[in-house]
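Engineer: sharing a model that was predicted from the sequence below.
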Amino acid sequence: MDSAPGLKSARYFSGLGNIQPEFCPTRGDKNCAEERSKWIERGNSMLRGMRIKTSVQRFAISFAVASLLPFFSLLSFAQQTGRGTISGTVAADQGPVVAFRVAAHNLDRRLWYTVFTNKGKYTVPQALSGRYEVTVQMSGYDSPTVTVQLEGGESKTADFSVKKAAEDPAVAARRNRGKVEYVDSLDEVFPPGPGLDLLKQNCTGCHADSFMNWGRMRYDKAGYMRGIERMMQTGPGYNAFVLALGHTYFTKKQKNLLADYLVTNFGPGATEKRLRFEPMQFDEEVVSKAIYVSYDIPPDLQVAKGGDKIGAPMIDGVIAQEPFPKEGKRHQFGSTFISPFDGSIWHSSRASSSILRLDPRNPNPDRWTNYPIKGDPYVHPDGIGVDKQGHVYWAELKTDRLGELHPETGKMIRHSLPQQSGAMHEVVVDKDGNVGFSQIYGAQFGKLIPSTGKIYMYPTPTPDNGLYGMAIDQKGNMWAAGWEKGTINKLDAETEEITEYKVPNSWGQIRRIGVDSKGIVWATEYITGILVKLDPATGELTEFKIPFGGAKPYDAWPDRADNIWTGDEAHTAILKFDQKTKKFTYYPMPQIGQAINKFSIADDNTVWFGARSVPVPTSMHLYPEGYTAKSPPMP
């Protein structure tokens, strides 16, 4: 074979001929061998045409080598960190094995790999070396735990035989408690009658077919009257500092009308009505490509001491913390944000009342930095955002303050609002570094101008609108989801006017909101299982029903290709909606029974989010297509 001087074969291309199967960006030994052959042939084909006679030809060689550098970088990274493969089979004593979840927990590095079966087989590719505990985590099945010691370059096997689990008597008792009727729509849950319009306008945003529904209350009229007054006058039990309907006025006649409707349809002895739940079907060919990498939270993460103090020092201060109790309380994340400054992952942490930074490139457990929020004993941090300088902002649900952290110095500022009237929920940062926020109770947009320290407030025309999730469009306009009154809300950046768009089929709950690259607004109708699209130019609303009964979509966040991502906690699934095909794609969540309230999408279209409502709190990274040259494993 003719070749350039000093280049005898494709093996001289950075050791291309020595590629090991476990280091390939594709999954499985067969695919890897094919990938290896393709790259060797590509290198040999390049060399056959080379004749080094002119500077132009020398440039051609440089270009050929440069075109392979991204691939070599992926291989080099894999070899440096020491990676291997864990694979095997899953069999069940009852029922088919379809997209069963297999979780491999690296005990040394404190991270998890979660993959899914395809025809009873699974593969965990490019797993970091270390001691592993591997289990099948599938609702309704018991699985053994297999211990694996994995070294770099190794391929280990762990096969599973899972058994159908006996139903927990406590679960059966809860399911059979009282009379329950399953229906297909909220129109069947709430029959016509005097008081229904009042209920739909003011109450179903919080109380519908969920853990706070009327069917489980079964109060008499006096009990319902006490509940109405608490929502409007004394504040809900979990936060005595805010009122759910603090700016909505009911006359005595309206209170009686509403209480009569409730006791008639949801009084003592009434049959509870719930929306029918339909199990979701997963496509194994799609799901088995996906890989979740989940990072355990710091093992020594403490919790904030409880308290009801309001009025902490505005700048810095002291925060008391204590060891995390083993029983009765869980760490869980509020929101997630990828820093545009350095790519680190930021989470608001509720139980610890702190802000957490994750270095996703660090393969070791010291990848976390904890920043306890200084001042009040407990602030319930939720929404979070990061500006281009790396400054972190968060919303405090309990104290209605806007937090600010300078990570390079550890300095914290907790901004009091000019109108301290509710509970702050979400934070966004615009292109100029200004910080927007929403009040879930108080129903106001807000904006902090960091250069001046001034805060401006913008109340919505509809009282108690319950502004929840937020997004900013290309013109700097702020958008917010109306959680209590079923609205999509826009604050115009130029005119400071607020426009409200009523979503009639939402029954109140619009949870979160996003804006795609074309300026189209997307939101979720949480109660009714609908993804809604708003064209701001025309005001037209278009709805896309999730085709499985009982779905409860939460976020509505676009990726770089304008697919819309949402989490459905009812089905323990993540959904991707393709605007072009109008089709949904479904991915099981990495943990059983998990809820997701906020996504953050990386430049490579991988998805980050935090654990919520599960026993194992982690920061989670979804590779929908698995590892690729564009999306290599991290760390």
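Structural biologist: Yep, it's here. Residues are numbered from 1 along each chain as shown.

Engineer: show me where the stretch 51-200 of the chain has its strands.
Structural biologist: Along the stretch 51-200 of the chain, the stretches classed as strands by DSSP state E, counting those that start in this stretch are 83-92, 101-106, 111-116, 121-128, 130-136, 141-142, 145-150, 155-157, 160-164, 180-183.

Engineer: of the ones you listed, which is nearest Glu396?
Structural biologist: Glu396 sits nearest to strand 111-116 of all those, at 29.8 Å, using CB to CB. (Glycine included, C-beta is placed from N, CA and C.)

Engineer: what residue ranges in the stretch 201-350 of the chain score low on pLDDT?
Structural biologist: Counting by pLDDT under 70, the stretch 201-350 of the chain has low-confidence residues at 210-212, 235-242, 305-329.

Engineer: try it again with 90
Structural biologist: For the stretch 201-350 of the chain, applying pLDDT under 90 flags the ranges 205-218, 227, 229-249, 269-275, 299-332, 334, 350.

Engineer: tell me where it has helices.
Structural biologist: 221-229, 252-266, 284-287 (DSSP state H, counting those that start in this stretch).

Engineer: hang on, the earlier thing: now tabulate the strands of the stretch 51-200 of the chain in TSV and tack on mean pLDDT, distance to Asn256 and mean neighbour count.
Structural biologist: As requested, these are exported to TSV (pLDDT from 0 to 100; distance: least, CB to CB, whole Å; neighbours: other CB atoms under 10 Å):
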stretch	mean pLDDT	distance to Asn256	mean neighbour count
strand 83-92	98	56	20
strand 101-106	98	51	23
strand 111-116	98	53	24
strand 121-128	98	60	23
strand 130-136	98	55	20
strand 141-142	97	51	16
strand 145-150	98	59	16
strand 155-157	98	69	15
strand 160-164	97	52	16
strand 180-183	88	27	13
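
Engineer: quick one, which of those is nearest to Gly476?
Structural biologist: Using CB to CB, those put strand 111-116 closest to Gly476, at 38.1 Å.

Engineer: sorry, back to before: so which of the strands of the stretch 51-200 of the chain is nearest Arg330?
Structural biologist: strand 111-116 (16.9 Å).

Engineer: please name the strands paired to that closest one in the sheet, noting orientation.
Structural biologist: strand 101-106 (antiparallel), strand 291-296 (antiparallel) (DSSP bridges).

Engineer: in JSON lines: those, plus distance to Arg83.
Structural biologist: Shown next, in JSON lines, are the strands paired with strand 111-116 (distance: least, CB to CB, whole Å):
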{"stretch": "strand 101-106", "distance to Arg83": "11"}
{"stretch": "strand 291-296", "distance to Arg83": "12"}
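
Engineer: wait, which of these is closest to Gln332?
Structural biologist: Closest among the strands paired with strand 111-116, using CB to CB: strand 291-296, at 13.6 Å.

Engineer: what's the closest one in contact with?
Structural biologist: Residues outside strand 291-296 that contact it (CB atoms under 8 Å, 6 or more residues apart in numbering): 110-115, 124-125, 358, 360, 365, 367-368, 590, 611, 616-623, 626-627, 633-634.

Engineer: got the angle for it vs strand 121-128?
Structural biologist: Here strand 291-296 runs at an angle of 50 degrees relative to strand 121-128 (axes from the mean of the first three to the mean of the last three CA atoms, to 10 degrees).

Engineer: distance from strand 291-296 to the middle of the chain?
Structural biologist: Remark: strand 291-296 is offset 13 Å from the chain centroid, using CA atoms, centre = their mean, to the nearest Å.

Engineer: for stretch 400-418, same thing?
Structural biologist: 24 Å.

Engineer: could you dump it to PDB, C-alpha only?
Structural biologist: Taking C-alpha atoms only, stretch 400-418 is exported to PDB below (Å, rounded to 0.1, in the frame of the first residue of the first chain):
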ATOM      1  CA  ASP A 400     -40.500  35.700  50.000                       C
ATOM      2  CA  ARG A 401     -36.900  36.900  49.500                       C
ATOM      3  CA  LEU A 402     -34.600  36.800  46.500                       C
ATOM      4  CA  GLY A 403     -31.200  35.200  47.300                       C
ATOM      5  CA  GLU A 404     -27.900  36.000  45.600                       C
ATOM      6  CA  LEU A 405     -24.600  34.100  45.900                       C
ATOM      7  CA  HIS A 406     -21.100  35.000  44.700                       C
ATOM      8  CA  PRO A 407     -19.400  31.600  44.700                       C
ATOM      9  CA  GLU A 408     -15.900  33.000  44.300                       C
ATOM     10  CA  THR A 409     -16.200  34.700  47.700                       C
ATOM     11  CA  GLY A 410     -19.100  32.900  49.400                       C
ATOM     12  CA  LYS A 411     -20.900  36.200  49.900                       C
ATOM     13  CA  MET A 412     -24.700  36.000  50.100                       C
ATOM     14  CA  ILE A 413     -27.300  38.800  49.700                       C
ATOM     15  CA  ARG A 414     -30.900  38.100  50.500                       C
ATOM     16  CA  HIS A 415     -33.000  40.800  49.000                       C
ATOM     17  CA  SER A 416     -36.200  42.000  50.700                       C
ATOM     18  CA  LEU A 417     -39.000  43.000  48.400                       C
ATOM     19  CA  PRO A 418     -40.700  46.400  48.400                       C
END
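
Engineer: what residues sit buried inside it?
Structural biologist: For stretch 400-418, a neighbour-count test (16 or more other CB atoms under 10 Å) marks Asp400, Arg401, Leu402, Gly403, Glu404, Leu405, Pro407, Met412, Ile413, Arg414, His415, Leu417 as buried.

Engineer: sort out for me which of those residues are in strands.
Structural biologist: Among the buried residues of stretch 400-418, the subset assigned to strands under DSSP state E consists of Leu402, Gly403, Glu404, Leu405, Met412, Ile413, Arg414, His415.

Engineer: picking up where we left off before, adding distance to Glu154 and mean neighbour count, write the helices of the stretch 201-350 of the chain out as a markdown table.
Structural biologist: Output for the helices of the stretch 201-350 of the chain, formatted as a markdown table (distance: least, CB to CB, whole Å; neighbours: other CB atoms under 10 Å):
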| stretch | distance to Glu154 | mean neighbour count |
| --- | --- | --- |
| helix 221-229 | 61 | 16 |
| helix 252-266 | 60 | 18 |
| helix 284-287 | 26 | 16 |
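
Engineer: any idea which of the buried residues of stretch 400-418 is closest to Ala351?
Structural biologist: For the buried residues of stretch 400-418, the minimum distance to Ala351 (CB to CB) is 16.6 Å, reached by Gly403.

Engineer: which strand residues bridge that closest one?
Structural biologist: Going by DSSP bridges, Gly403 forms beta bridges with Trp394, Arg414.

Engineer: perfect, I'm done here.
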